[in-house]
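Enquirer: Model the following, please.
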Amino acid sequence: MQREDLARRPFLRRHLLVVDEHELYVEVARRLGELTPGDFAKKSVLSSTGVEAIENAVKIARAYTRRNGIAVVDHAYHGRTNLALGLNYKAVPYTVGAGPRPGDIHRTSNSYPFRDGLDGVTAARKAIAYLEKTAGAENLACLLIERDC
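Expert: Down below sits the predicted model:
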């Protein structure tokens, strides 16, 4: 490793969660840290696909919280990796014949204001209360919310 690479190590550890020392990667991570509001330590991880971002978010949340549970809202599509297949709302056509789904995934309803008449705050409170009752907040590492499919 070159001397200038060794000198950059503290910067890389401060600004990147997964260290990839490509110059543009480091620059994007640095800029994200500058642009993100708040005066606290920040780290970035860049992904090439949405499902890679989901997989990394779950791994990071599980490692940080030391909890395994994942909560997802209904009608969302997360991707086609094994974990994402378990997170997806629709089994057909995504998971048919793909083998067992991963466990410790908990579902809650998504808000549909035109159908359920709930405002965002009320819908969020309802979803949180449901997850607290069915999964236990102390068991959840994260809540994933993505677009409807």
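Enquirer: Taking the centroid of the chain, which residue is nearest it?
Expert: The residue lying closest to the centre of the chain (C-alpha atoms, centre = their mean) is Ala57, at 3.6 Å.
Enquirer: That residue touches Glu146, doesn't it?
Expert: No - assessed by C-beta atoms under 8 Å, Ala57 is found out of contact with Glu146, at 10.8 Å. C-beta: built from backbone N, CA, C; applies to glycine.
Enquirer: State the distance from Gly79 to Tyr130.
Expert: Distance of Gly79 to Tyr130, given as C-beta to C-beta, to the nearest Å: 24 Å.
Enquirer: ok, those two, which is more surrounded?
Expert: Gly79 (19 against 15; other C-beta atoms under 10 Å).
Enquirer: Name the nearest residue to that one, sequence neighbours excluded.
Expert: Spatial nearest neighbour of Gly79, excluding adjacent residues (C-beta to C-beta, 6 or more residues apart in numbering): Val51 at 2.9 Å.
Enquirer: count of residues packed around the one you found?
Expert: Count around Val51 with other C-beta under 10 Å applied: 18.
Enquirer: Surely it and Ala84 touch.
Expert: Yes - Val51 is within contact range of Ala84, at 5.0 Å (criterion: C-beta under 8 Å).
Enquirer: intersection of neighbour lists for these two?
Expert: Common contact partners of Val51 and Ala84 (C-beta atoms under 8 Å, 6 or more residues apart in numbering): His78.
Enquirer: Does the residue nearest to the centre of the chain lie in a helix or a strand, and which?
Expert: Assigning secondary structure by DSSP states H and E places Ala57 in helix 50-65.
Enquirer: What pairs with the helix or strand just after that helix, parallel or antiparallel?
Expert: Toward the C-terminus, helix 50-65 is succeeded by strand 69-73 as the next helix or strand (DSSP H and E). Strand 69-73 has its sheet partners listed here by DSSP bridges as strand 105-108 (parallel), strand 140-144 (parallel).
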